[in-house]
Every structure is written in structure tokens, then in C-alpha cells.
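Predicted model and sequence follow; I will ask about them next.
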Amino acid sequence: DTAVSQTPKYLVTQMGNDKSIKCEQNLGHDTMYWYKQDSKKFLKIMFSYNNKELIINETVPNRFSPKSPDKAHLNLHINSLELGDSAVYFCASSQAGTSGDWVFGPGTRLTVL
Amino acid sequence: AQSVAQPEDQVNVAEGNPLTVKCTYSVSGNPYLFWYVQYPNRGLQFLLKYITGDNLVKGSYGFEAEFNKSQTSFHLKKPSALVSDSALYFCAVREPGATNKLIFGTGTLLAVQP
């Protein structure tokens, strides 16, 4: 039983294309996140949703647009992909207001050619 | 702003020897501190956390960490390293407040030689 799942696992695409990454969690958590891990392995938060409401929006280009249809899903859509978008994108979930853990998905490796 | 620092990019240790991966933190208020591990081409796995209570926290795979308030440190330790412990280790702190944001250090690559 996968707690946090992401699709696809690998994504290879050309510059200028639009792509989406999907994330689902079955833990009953109310908060979900997108993190970006760059080539130096630095992990930086991009977005967070709590009960479908956007609560964190870090300095991310407008080409990135998260969407949360319900609290178990958080998708990431990227328009006009650029070379610098190549990275591993991790989805995570947690239960706000508790000392519980953040649970991470397996990651999506995006390569922009 | 809350932050954690991992001063070592890489730690090398021989199998069977004790290991320490260092982490220092800067937070306002009481810190919620975490350690995660990332194996090659894998996601992040939770190892352990400090919220309150005993300063020595035990976690998965025989790892433990010691919270030291006076030194603002939360070093990860293991008495006897295994080759299979070789991975990238991240220290993290939860930012207090409504955002519930987890902020990561830069990571330390642990290499255990047979």
C-alpha cells in the first residue's frame, strides 16, 4: 500500500512543452506539498495546500501551477518548460497541527531537452 | 527565519566504526527537528524526529540523534556503520505556525567503506 504516490516516475520532454505531474496520498493527511530537488540535491519547498487551499507559494515562476481537486490529491502543471526546470520533484503530505511526520513520494525525475 | 545547517558535504567512515553526521539549527521557539535519508534514485525516508522530551532520540535502522539545546545541534549517530548505510542524509526543521513548512539542510553524503 503506497502512502504517497506520484506519476510519472520519469518524464523526458522538449523545451516549450507543457507537462503535469500527479500526486495522491492515502494517509488521510490534510496538507500536501511539492518540493524541488536540484542537481546539487538541494531540497526546496515550492507549494503547500491545506484542505485544498493554497497556503505556501514560494518564489516560483508563474509557469508552475499547482491544483488540488481534493485533499488527497495535489497535481503540478508546468507550462513552457525550460532547461532549468530539470530536477526531481517530490510530493509530500503531513497532518497540520500535529507532531506527525512528513511522508514523501518516490519523486518524479523531469528532464527537459 | 528557521534554518538548519549541515557543515559537511560528505562523511567517510569504515564499516563497523561509529558515525556522526552533523546538524545545527537556528529557530525561534522550540524546534521540531527531523532526519531523513535518501538512497540513490529513491525518495526521502523518515529516520527520526525530536519534538520534546528525552534529548536522545532513537530511530530506524539503528540510528539515533542527540538534541543539544545549548549547542543548537541535532547530530545523527550510529554506533557501528554498515555499507548499506551509504546514502544522502538530510536534517530538517519544521517552521512553526500555520504554514507547517519543513525546511531542509543541504544534505550530507555518507560513504561507508567495507
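Alright, I've got the coordinates.

Give me the neighbour count for the nearest residue to A:Thr13 once chain neighbours are set aside.
Distance criterion CB to CB, 6 or more residues apart in numbering or on different chains; nearest residue to A:Thr13, sequence neighbours excluded, is A:Lys19 at 5.5 Å. Where you see a C-beta, it was placed from the backbone N, CA and C, and this is true even at glycine. Neighbours of A:Lys19 under the rule other CB atoms under 10 Å in any protein chain shown: 17.

Surely A:Lys19 and A:Leu110 touch.
Yes: counting by CB atoms under 8 Å, A:Lys19 touches A:Leu110, with 7.4 Å between them.

any idea how far B:Tyr25 is from A:Gly100?
Separation of A:Gly100 from B:Tyr25 (CB to CB, to the nearest Å) stands at 20 Å.

lowest average confidence, helix or strand, in chain A?
strand A:53-57 (a mean of 86; mean pLDDT, DSSP states H and E).

buried sites along that strand?
Within strand A:53-57, the residues that count as buried by 16 or more other CB atoms under 10 Å in any protein chain shown are A:55-56.

do the same with stretch A:100-113
Residues of stretch A:100-113 classed as buried by neighbour count (16+ other CB under 10 Å): A:101-110, A:112.

Wondering if the least confident helix or strand of chain A reaches chain B at all.
Yes: Strand A:53-57 is in contact with chain B by CB under 8 Å from any CB of the partner chain, via A:55-56.

now that strand, how far from the centre of its chain.
Averaging C-alpha positions (CA atoms, centre = their mean, to the nearest Å) puts strand A:53-57 13 Å from its chain's average.

Contacts only, for the most centrally placed residue in chain A.
What sits nearest the mean C-alpha location of chain A, by CA atoms, centre = their mean, is A:Trp34, with 3.1 Å. Residues in contact with A:Trp34 (CB atoms under 8 Å, 6 or more residues apart in numbering or on different chains) are A:23, A:45-48, A:66, A:74, A:76, A:89-92.
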